[in-house]
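Engineer: here is my input, please return the structure:
(2 chains)
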Amino acid sequence: MMRRLLVFGMLVGLLAGLVAFGFASIAGEPQVDAAIALEEAAAQGEAVAPHSHGEDEAAATHSHEEPAEVSRSTQKGIGLAVATGLYGVAMGGLFAIACAVAYGRIGVPGMRATAATVALVGFIAVALVPFLKYPANPPAVGNPDTIDRRTGLYVVMVLVSVLAALIAAQVGRVLAGRSAGRGGGWNAWLASAGAFTVLVTVAAVLLPVVNEVPVSFPAELLWRFRLSSLGTQALVWVVLGLGFGPLAERVLNPSPARRTTALPVSASPASSGTAG
Amino acid sequence: MAESVVPPSVVPAPSVGGARPLQLPLREIVPWAVLTGVLMLLVIYFVGSEEGAFSMVGGTWIHEFVHDGRHLLGFPCH
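Structural biologist: Numbering: from 1, shown residues only, chains lettered A, B, ... in the order given. Coordinates of the predicted model:
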């Protein structure tokens, strides 16, 4: 059972990665190209203004250390496709595990709704919240000397955000179990969302600010790059959330006769709260 | 959580003899979760950070190969 769920998760993840690749190629690559053009101009000692800490030329030339070990066309084509594809497969595998745990435990009936819910929460916790604190940066933004620190902070933000989502889910389960009366379900969801919001807000306020955008970097280009990056990640989660449910229901519910009759899970009071 | 919100009339009676499990036992999930969790995170690490802040293989080829994906998927790249 788990093995088949994982296989389907990774297959849907591969599809998600390819969809993300298509979107990133069309919406993201023009911004990456434009940013690299700026970076190269800066490396020749012109355009981009100094980083805030004076060592502008070293930073600018250092970050542009790609003497065609991998050509631009490879980076934009097969390189991007492999990156998003692998990312999609890996996320799909983790997503399948999360759905298997969440199934029947978060008060949502059936695997389709479970997958959609997990994908929404996953997008918010893994992509959106970290993005709001440490947004994606195009080439020519970011001092290579601080990559260690920035990577560490980004990972911490993702971990805190995922942990906050798990805590919030547990809060929701406890409250839903306690208040089984009218509106108890929605109150549990609201409390859950509130707990998540408080936790990630506190973390985002406490973690240090990173701003290494050169003063002269075009705001419009930065905005479009970041939007396309967020869109790329959102598409991964949309495909996972919509695609995994129907496939997983087949695994859970092999008989075709029962596939259309709906959701005995929702009718069972044992399906949430206490168990698990 | 949500079952209390659903009006009883909407919910079909649980059919008898259904093989659909209500939950998947954690006992069954955990070994898979550990094994594939580690593998999947390793894959994400290679896409997201190898030869950036950390380097296991060395060189810059992986970094350059996944360069655009790394930027567009939101990882700090360089």
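Engineer: name the SS class of the residue nearest to A:A35 when sequence neighbours are not counted, please.
Structural biologist: Nearest residue to A:A35, sequence neighbours excluded (C-beta to C-beta, 6 or more residues apart in numbering or on different chains): A:P138, at 3.7 Å. Bear in mind the C-beta positions are built from the backbone N, C-alpha and C, glycine included. The assignment at A:P138 comes out as coil when based on DSSP: H, G, I helix; E, B strand; the rest coil.
Engineer: correct me if wrong: A:P138 contacts A:Q31.
Structural biologist: Yes. Counting by C-beta atoms under 8 Å, A:P138 touches A:Q31, with 6.0 Å between them.
Engineer: of the two, who's got more company?
Structural biologist: A:P138 (27 against 24; other C-beta atoms under 10 Å in any protein chain shown).
Engineer: name all residues that make contact with the more buried one.
Structural biologist: If you count contacts by C-beta atoms under 8 Å, 6 or more residues apart in numbering or on different chains, A:P138 has them with A:Q31, A:V32, A:A35, A:L221, A:L222, A:F225, B:H71.
Engineer: and the residue nearest to A:A35, how far from A:A43?
Structural biologist: To A:A43, A:P138 is 15 Å away according to C-beta to C-beta, to the nearest Å.
Engineer: and A:D148, by the same measure?
Structural biologist: Remark: distance between A:D148 and A:A43 (C-beta to C-beta) = 22 Å.
Engineer: higher neighbour count, these two?
Structural biologist: When A:D148 and A:A43 are compared for neighbours, A:A43 comes out ahead with 18 against 13, by other C-beta under 10 Å.
Engineer: list the contacts for B:L72?
Structural biologist: Here B:L72 is in contact with A:A24, A:G28, A:V32, A:L80, A:T84, A:A136, A:S228, A:S229, A:T232 (criterion: C-beta under 8 Å, 6+ apart).
Engineer: quick one: the lowest-mean-pLDDT helix or strand in chain B near chain A?
Structural biologist: Across the helices and strands of chain B, the lowest-confidence element by mean pLDDT, DSSP states H and E is helix B:61-65, at a mean of 90. Yes. Contact of helix B:61-65 with chain A (C-beta under 8 Å from any C-beta of the partner chain) involves B:W61, B:E64, B:F65.
Engineer: now the helices for the stretch 51-200 of chain A?
Structural biologist: Along the stretch 51-200 of chain A, counting by DSSP state H, counting those that start in this stretch, helices occupy A:56-63, A:72-74, A:80-102, A:110-122, A:129-133, A:147-178, A:184-206.
Engineer: again with chain B
Structural biologist: Using DSSP state H, the helices of chain B run over B:26-48, B:61-65, B:67-72.
Engineer: got the buried residues for the shortest one?
Structural biologist: By that I understand helix B:61-65. By neighbour count on 16 or more other C-beta atoms under 10 Å in any protein chain shown, the buried set for helix B:61-65 is B:I62, B:H63, B:E64, B:F65.
Engineer: now do stretch A:166-180
Structural biologist: Within stretch A:166-180, the residues that count as buried by 16+ other C-beta under 10 Å are A:A168, A:A169, A:V171, A:G172, A:R173, A:L175, A:A176, A:G177, A:S179.
Engineer: with just CA atoms, put it into PDB.
Structural biologist: Only the C-alpha atoms of stretch A:166-180 are listed here, as PDB (Å, rounded to 0.1, in the frame of the first residue of the first chain):
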ATOM      1  CA  LEU A 166       2.600  20.400  12.300                       C
ATOM      2  CA  ILE A 167       1.900  22.000  15.700                       C
ATOM      3  CA  ALA A 168      -1.000  23.900  14.300                       C
ATOM      4  CA  ALA A 169      -2.500  20.600  12.900                       C
ATOM      5  CA  GLN A 170      -2.100  19.000  16.300                       C
ATOM      6  CA  VAL A 171      -3.900  22.000  17.900                       C
ATOM      7  CA  GLY A 172      -6.700  21.600  15.400                       C
ATOM      8  CA  ARG A 173      -7.000  17.900  16.100                       C
ATOM      9  CA  VAL A 174      -7.200  18.400  19.900                       C
ATOM     10  CA  LEU A 175      -9.800  21.100  19.600                       C
ATOM     11  CA  ALA A 176     -11.900  19.200  17.100                       C
ATOM     12  CA  GLY A 177     -11.800  16.200  19.400                       C
ATOM     13  CA  ARG A 178     -12.900  18.400  22.300                       C
ATOM     14  CA  SER A 179     -15.700  20.400  20.700                       C
ATOM     15  CA  ALA A 180     -17.600  17.900  18.500                       C
END
